[in-house]
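> generate a structure from the sequence data that follows.
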Amino acid sequence: MEKESYSIDDILSEVKKRRDNDSSDPTENDVTETEEKANSEKDSQPVAEDTAEDTPEEAAIEGDLEEAVESSDSEEIQPEQTEADSFEPEIVEKEPENNTKDAEAEKTDGMVDLFALGNDDSILEEEKAEDTAPEKQKFFATKKGKILKAVIICLVILILGAGIFLGVKLYKQIDNMTDKNPDSSVQQEEWKGMGELEEEYPEIIETDATQLSSLQDMIKTWYYNGEPCHSTHVLNVLLLGEDTRGNEILEEGTRADSSIIVSINTDTGKITLTSVLRDAYAYWEAKPGDESTGIFGKINGSMNLEGGNVNTYINAIERLYKVNIDNYVIVNFDSFKKIIDAMGGVTLELTSAEIREINNHPKRYGDVYIEQTFDGNKGEMLLNGKQALAYCRIRKLDSDNMRADRQKTTLMAIFQQAKGESKATLAKIANALMPYVKTGFSAKNIISIVTYAFTEGWLGYDTQMISVPNARINEIGGMSYGAWCWRPDFPQDAHYLQTLLYGKTGIKLAQTRVDVAKCEDYGFFSEGGYSVSRTIYNNAYGETTTYEEMTKKQESTSN
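Numbering: from 1, shown residues only. Just a heads-up that it's a prediction; the model follows:
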């Protein structure tokens with residue numbers, strides 16, 4: 001069947017004609033035959049392609065405008081198509097204003113199918129889907145996204161779990177180092193850092209020599225005279241070295257083979273290592289606070305004599321040197337080997353005599369041999385852990401004082417070398433050290449102090465070394481009380497130590513002082529004894545002076 005030819009003008013004319021009819025007010029009873037036919041076609045022929053063969057007009061109404069246009073002359077189509085395209089938006093723009101009543105009116109003019117295409121539910125749903133598409137297309141809302149999200153969550157849980165596990169494991173290792181003895185006198189509450197300053201320097205007036213009969217009388221009287229000073233800006237930790245083998249660590253029944261007070265002063269930015277010489281003649285109470293348990297002897301004996309332990313030893317140091325000991329760390333000497341080996345060795349200056357002492361006494365120094373690699377009487381050498389430990393144990397060659405100096409020198413070398421080590425190496429050293437350490441600090445406080453130390457840059461602090469007894473050290477050593485020992489001047493050493501560690505002191509030394517090197521060994525003034533025969537006049541009495549100035553004045557007036 002041959003199709004009739006229509007021009008675009010005919011189509012547009014018909015559209016205009018029907019649009020003009022839109023101004024009328026049709027009612028439900030005025031539905032024409034044409035409208036019924038249009039409605040019938042809409043219900044029975046949903047596909048526009050099926051009606052394309054009927055008429056060009058119906059083809060245009062159903063949206064197949066292209067086929068209708070092809071049947072017209074090409075010269076007429078091109079200009080008119082632009083006009084038609086601009087016409088269609090005008091009809092669409094009116095649609096939102098007419099609401100339901102206008103939609104009913106559109107049905108009467110035969111244009112219902114054209115507008116229905118824009119209001120069809122399926123099309124509206126598609127448009128709605130397009131509007132909401134960005135939300136539905138979020139990656140983690142897709143199936144693949146959900147799977148990846150679940151994998152990421154699992155990885156995070158595993159990483160956190162591993163971190164927690166390692167943290168718990170490390171915490172347990174640290175906790176194993178802590179002394180859980182409820183009777184310990186140095187158990188601490190939560191460590192609060194060293195920011196807020198709280199300090200106390202009790203006034204202590206030394207008893208005049210005219211009221212003392214002997215060295216024992218002076219030492220015992222001084223033990224009970226006054227209280228230790230303290231400051232939150234100074235942390236004092238007593239480092240005890242035990243010469244036990246393996247990883248055995250004893251808190252009692254053992255002598256302190258080496259004792260060093262490690263003092264950190266955050267005001268001055270200094271770390272002071274003070275060796276407490278083990279052969280210093282001293283007095284202590286086996287049960288602190290019970291004078292009936294008082295004992296005289298070498299100070300390191302307070303760790304094992306008459307039931308002594310680490311608390312007894314700390315109490316003796318606090319009472320005799322008048323400085324507060326915040327806590328302690330007991331280190332088995334075997335840990336030295338572990339630390340030094342973890343660092344790849346330590347460089348120390350040795351003398352030929354020290355090397356011969358070690359090599360000539362293999363049993364005394366753990367079967368260690370050191371091959372001298374320098375010319376002359378002394379030189380630097382890189383030592384492994386066993387060699388460095390043997391060096392720290394040298395005593396027979398010279399004296400206990402020199403032995404303490406070697407220990408401090410080794411500690412200083414380790415400390416200086418640690419400054420340049422990576423955090424991984426430091427962690428390796430700490431891990432090697434932990435099995436050989438016992439401390440009164442809680443695990444929580446250890447972690448807090450270590451964190452604080454790194455934050456405040458303690459590794460960059462200057463370091464200095466001293467020993468006590470210190471006053472007239474070349475004169476006070478010798479045979480006394482049936483053994484070789486130091487005869488310490490505790491009041492003067494305490495005055496010196498407070499000034500050095502804290503920058504101030506509450507101690508006032510007497511005008512007439514006991515000459516500890518030459519005075520009597522026994523006798524108590526309170527028991528009817530005579531005053532000591534050998535004294536020193538204190539020219540600096542009532543003055544605040546440095547230790548060096550005081551020593552010079554006392555030596556110049558010695559009887």
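> which non-adjacent residue is nearest residue 542?
Spatially, and ignoring its direct neighbours in sequence, residue 542 is nearest to residue 508 (7.5 Å; C-beta to C-beta, 6 or more residues apart in numbering). In this view, the C-beta of every residue, glycine as well, is placed from N, C-alpha and C.
> okay, and the helix or strand of the protein with the least pLDDT?
Using mean pLDDT, DSSP states H and E, helix 112-119 stands out as the lowest-scoring helix or strand of the chain, at a mean of 36.
> how much space is there between residue 344 and residue 391?
From residue 344 over to residue 391 the distance is 17 Å, taken as C-beta to C-beta, to the nearest Å.
> let me fix that: residue 330
Distance from residue 330 to residue 391, by C-beta to C-beta: 21 Å.
> so who does the residue nearest to residue 542 touch?
Taking C-beta atoms under 8 Å, 6 or more residues apart in numbering, we find residue 508 in contact with 203-206, 542.
> swap in residue 471?
The neighbourhood of residue 471, defined by C-beta under 8 Å, 6+ apart, consists of 488-489, 492-493, 496, 516, 551.
> and which of those is nearest residue 453?
Among the contacts of residue 471, residue 496 lies closest to residue 453 (C-beta to C-beta), at 26.6 Å.
> helix or strand: which one has that closest one?
Residue 496 belongs to helix 490-502 when assigned by DSSP states H and E.
> just checking, what packs against that helix?
helix 215-223, strand 234-242, strand 258-265, strand 270-276, helix 310-321, strand 462-468, strand 507-508, helix 547-556 (3 or more C-beta pairs under 8 Å, 6 or more residues apart in numbering; DSSP states H and E).
> and the angle for that helix with strand 234-242?
120 degrees (axes from the mean of the first three to the mean of the last three C-alpha atoms, to 10 degrees).
> quick one: the strands in the stretch 301-450 of the chain?
Secondary structure of the stretch 301-450 of the chain (DSSP state E, counting those that start in this stretch): strands located at 327-332, 346-351, 378-383, 437-439.
> buried ones in the second one, by neighbour count?
Neighbour-count burial for strand 346-351, with 16 or more other C-beta atoms under 10 Å as criterion, is recorded at 346, 348, 350.
> okay, the angle between it and strand 378-383?
Orientation check (the same axes, to 10 degrees): strand 346-351 against strand 378-383 gives 150 degrees.
> what pairs with strand 346-351, and is each one parallel or antiparallel?
Here strand 346-351 is paired, per DSSP bridges, with strand 378-383 (antiparallel).
> neighbours around residue 462, how many?
Here the number of neighbours of residue 462 (other C-beta atoms under 10 Å) works out to 9.
> residue 271 is in contact with that one, correct?
Yes. Look at residue 462 against residue 271 with C-beta atoms under 8 Å: they come within range, at 7.3 Å.
> any chance of the buried residues of strand 346-351 in CSV, plus pLDDT?
Converted to CSV, the buried residues of strand 346-351 look like this (pLDDT from 0 to 100):
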residue, pLDDT
346, 92
348, 94
350, 94
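> quick revisit: run through who's touching the helix holding residue 496.
Against helix 490-502 from outside (C-beta under 8 Å, 6+ apart): 199, 201, 204, 206, 218-219, 222, 229, 231, 234, 236, 263, 265, 272, 274, 320-323, 466, 468-471, 504-507, 509-510, 513, 546-547, 550-551, 554.
> could you turn the buried ones of the residues you listed into a PyMOL selection?
To isolate the buried subset of the contacts of helix 490-502 in PyMOL, counting by 16+ other C-beta under 10 Å, use the following:
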select buried, resi 201+204+206+218+219+222+229+231+234+236+263+265+272+274+320+321+322+323+466+468+469+470+471+505+506+507+509+510+513+547+550+551+554
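> what about residue 369, neighbour count?
Residue 369 is flanked by 12 other residues according to other C-beta under 10 Å.
> again, but for residue 341
With other C-beta under 10 Å as criterion, residue 341 counts 16.
> show me the contacts for it.
Neighbour list for residue 341: 384-385, 432 [criterion: C-beta under 8 Å, 6+ apart].
> kindly indicate the member of those residues with the most neighbours.
Within the contacts of residue 341, neighbour counts (other C-beta under 10 Å) peak at residue 385, which reaches 21 neighbours.
> mind listing what that residue touches?
Residue 385 sits next to 336-341, 345 when contact means C-beta under 8 Å, 6+ apart.
> same check on residue 459?
Contacts of residue 459 (C-beta under 8 Å, 6+ apart): 418-419, 453.
> redo that, cut-off 10 Å
Residue 459 is in contact with 271, 415-416, 418-421, 426, 453, counting by C-beta atoms under 10 Å, 6 or more residues apart in numbering.
> equivalent analysis for residue 359, please.
Residue 359 neighbours (C-beta under 10 Å, 6+ apart): 365, 368-372, 390.
> which among those residues end up buried?
Buried positions within the contacts of residue 359, assessed by neighbour count (16+ other C-beta under 10 Å), are 365, 368, 370, 390.
> residues in contact with the spatially closest residue to the first one that is not a sequence neighbour?
Nearest residue to residue 365 in three dimensions, chain neighbours excluded: residue 390, at 3.9 Å (C-beta to C-beta, 6+ apart). Counting by C-beta under 10 Å, 6+ apart, residue 390 makes contact with 337, 354-355, 357-359, 361-362, 364-370, 383.
> could you dump the contacts of residue 459 into CSV and include neighbour count, distance to residue 212 and pLDDT?
Formatted as CSV, the contacts of residue 459 follow (neighbours: other C-beta atoms under 10 Å; distance: C-beta to C-beta, whole Å; pLDDT from 0 to 100):
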residue, neighbour count, distance to residue 212, pLDDT
271, 19, 36, 92
415, 15, 41, 79
416, 13, 44, 81
418, 14, 46, 79
419, 10, 47, 75
420, 9, 51, 76
421, 16, 51, 76
426, 17, 50, 76
453, 14, 43, 88
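> among the residues you listed, which are located in helices?
Cross-referencing these against helices under DSSP state H gives 415-416, 418-419, 426, 453.
> looking at those, spot the one nearest residue 528.
Within the ones in helices among the contacts of residue 459, proximity to residue 528 (C-beta to C-beta) peaks at residue 415, which comes in at 52.0 Å.
> what segments of the stretch 151-300 of the chain are strands?
So, for the stretch 151-300 of the chain - with DSSP E, counting those that start in this stretch - the strands run 199-200, 204-205, 230-231, 234-242, 258-265, 270-276, 281-285, 294-298.
> and the pLDDT for residue 499?
As predicted, residue 499 sits at a pLDDT of 93.
> before we move on, what about residue 336?
Looking at residue 336, its pLDDT reads 77.
> since we're on it, how many residues are nearby?
Using other C-beta under 10 Å, residue 336 is surrounded by 25 other residues.
> same question, residue 530
Considering only other C-beta under 10 Å, residue 530 is surrounded by 10 other residues.
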